[in-house]
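*Asks:* Everything below, folded, please.
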Amino acid sequence: MTTPAPSNFVLLLDLAKETSSEKRRELLRQITDVFLADPPERSDKETLLFDEIVHAVAADLETQVRVELSKKVATSNVMVHRTARRLAMDEIEVARPVLEGAKQLTEADMLEVIENKSQDHMAALAKHPNINTTVSSYLVDKGEDRVIISLLENRTAQIDRQTYEKVADRAQTSSVLHAPFVKNQNVPLDLLNSVYLKVENDLRREIMRKFHGVSPAELEAALESSRNRLSAAYGALPSDFQVAKDHVAALDKKGSLKPPMLVQLLRENRRTAFLVAFAQLVDIEFDLGRRLVDAKDIDALAMLCRGAGFDRGLFVTICLLVAGDGYGIGKAEQFGQLYEQVPVAAAQRALRFWKVRSKSNGGASQAA
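*Replies:* Okay, here's the model as predicted:
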């Protein structure tokens, strides 16, 4: 067995006694440059001894010296676990290099950091290349939005469905999560769909591109995952709901419930009947359709109408009537162009998620 030169350990012990910052830095550099470099082979006993000594003296080193040590440990393959863990629990300036990349950190170390250290520590840890599903879950539970953003942008992080669901729920009220969530390549399709109404148009187009490229098998699996998640419980029914429902049922019985009838209902100021008929024709929940129309969400309406095969001219007319006084006839061409930009196949696939009925639906969803 090759024994490390005694002078290296003498230098390390001298490190604990030295009061000069400059000399401490030089002593540490000498020993770590030799020991943390990709080895000559060393025994486990030698590595353990080095780890114990450096761990013991690290607390008395000046901040900048600890920062330099942290950077070296973070890039080393030598398993100095105690030293890495001690540095990870240090102030963020010292801890950051180790948190972002040290191979020596275990799952237990990472969970201890999440439980006891700052949001800055968690944001740094979220960039580590070896984040497993347990650590990801704890980061989402304990972390601020910036921590979750770091995690979503970490391409090697392992994130399970349950954790993605928690992020999707949080994204409903936190717009800063929208872009990293949509751009993450591993988010389940049905969870992307769940944030569709919340995100900006460029991110909606990104979601549509992902639907366009999915295989039928992937789509069916995503739909199955979605069935118990979607819900249409957005509020009480309008006072004229039953009358409107009966009117639409009569139209359907006569064979008159076709897409052009939507324009007539709007022009007759039968808004609730329009909403009931629209929901039935595109096969979504009543309250979801009402929410989109109330918000004048033209982009989402384009996806629904395109997926349901509505004529372009009909879509434009519906939009002008829904938009009301806020939009003049000059908007017609713009609405038409928007409609043409929605890929038909992608819209049809996305629309399938909107058709999934929640098993716990109340009266509003049954009406659709």
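*Asks:* Strands of the protein, start to end?
*Replies:* Read by DSSP state E, the chain holds no strands at all.
*Asks:* quick one: least confident helix or strand in it?
*Replies:* helix 363-367 (a mean of 40; mean pLDDT, DSSP states H and E).
*Asks:* Could I get the phi/psi values of residue 295?
*Replies:* The phi/psi pair for residue 295 (degrees, to the nearest 10) reads phi -80, psi -10.
*Asks:* low pLDDT regions in the stretch 51-200 of the chain?
*Replies:* For the stretch 51-200 of the chain, no stretch has pLDDT under 70.
*Asks:* So the protein: which segments form each domain?
*Replies:* 6-184, 241-367 (automatic domain parsing).
*Asks:* between those, which gets nearest to residue 195?
*Replies:* The closest of the domains of the chain to residue 195 is domain 6-184. By CB to CB, the value is 5.0 Å. C-beta: built from backbone N, CA, C; applies to glycine.
*Asks:* and that closest one, how far from the chain's centre?
*Replies:* How far domain 6-184 lies from its chain's middle: 24 Å, per CA atoms, centre = their mean, to the nearest Å.
*Asks:* next one: stretch 307-320
*Replies:* Computed by CA atoms, centre = their mean, the chain-centroid distance of stretch 307-320 equals 32 Å.
*Asks:* Buried ones in that stretch, by neighbour count?
*Replies:* Neighbour-count burial for stretch 307-320 flags 307, 308, 310, 314, 315, 316, 317, 318, 319, 320 (criterion: 16 or more other CB atoms under 10 Å).
*Asks:* Same question for stretch 202-212.
*Replies:* Buried, per 16+ other CB under 10 Å, within stretch 202-212: 203, 204, 205, 207, 208, 210, 211.
*Asks:* Can you list the buried residues in stretch 77-93?
*Replies:* Here stretch 77-93 shows 78, 80, 81, 82, 83, 84, 85, 86, 87, 88, 89, 90 as buried, counting by 16+ other CB under 10 Å.
*Asks:* got it, and stretch 167-180?
*Replies:* Going by neighbour count (16+ other CB under 10 Å), the buried part of stretch 167-180 is 167, 168, 171, 174, 177, 178, 179, 180.
*Asks:* Also stretch 150-162?
*Replies:* 150, 151, 152, 154, 157, 159.
*Asks:* Taking the residues you listed, tell me the two that lie furthest apart.
*Replies:* 150 and 159 (12.2 Å).
*Asks:* Can you flag which of the buried residues of stretch 167-180 belong to helices?
*Replies:* When DSSP state H is applied, those are split such that 167, 168, 171, 178, 179, 180 fall in helices.
*Asks:* Give me the number of neighbouring residues for residue 290.
*Replies:* 23 (other CB atoms under 10 Å).
*Asks:* ok, it to residue 274 distance?
*Replies:* Distance, residue 290 to residue 274, using CB to CB, to the nearest Å: 10 Å.
*Asks:* I'd like the buried residues of stretch 150-162 written out as a markdown table, with distance to residue 240 added.
*Replies:* Below are the buried residues of stretch 150-162 laid out as a markdown table (distance: CB to CB, whole Å):
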| residue | distance to residue 240 |
| --- | --- |
| 150 | 50 |
| 151 | 47 |
| 152 | 44 |
| 154 | 51 |
| 157 | 50 |
| 159 | 46 |
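*Asks:* Might you report the residue contacts of the residue positioned nearest the centre of the chain?
*Replies:* For the chain, residue 181 is the residue whose C-alpha lies nearest the centre (CA atoms, centre = their mean; 2.9 Å). Residue 181 sits next to 152, 167, 168, 171, 187, 192, 195 when contact means CB atoms under 8 Å, 6 or more residues apart in numbering.
*Asks:* try residue 261
*Replies:* Residues in contact with residue 261 (CB under 8 Å, 6+ apart) are 251, 277.
*Asks:* Looking at it now. What's its pLDDT?
*Replies:* Predicted confidence (pLDDT) for residue 261: 95.
*Asks:* so how far is residue 317 from it?
*Replies:* If you go by CB to CB, the gap between residue 261 and residue 317 works out to 12 Å.
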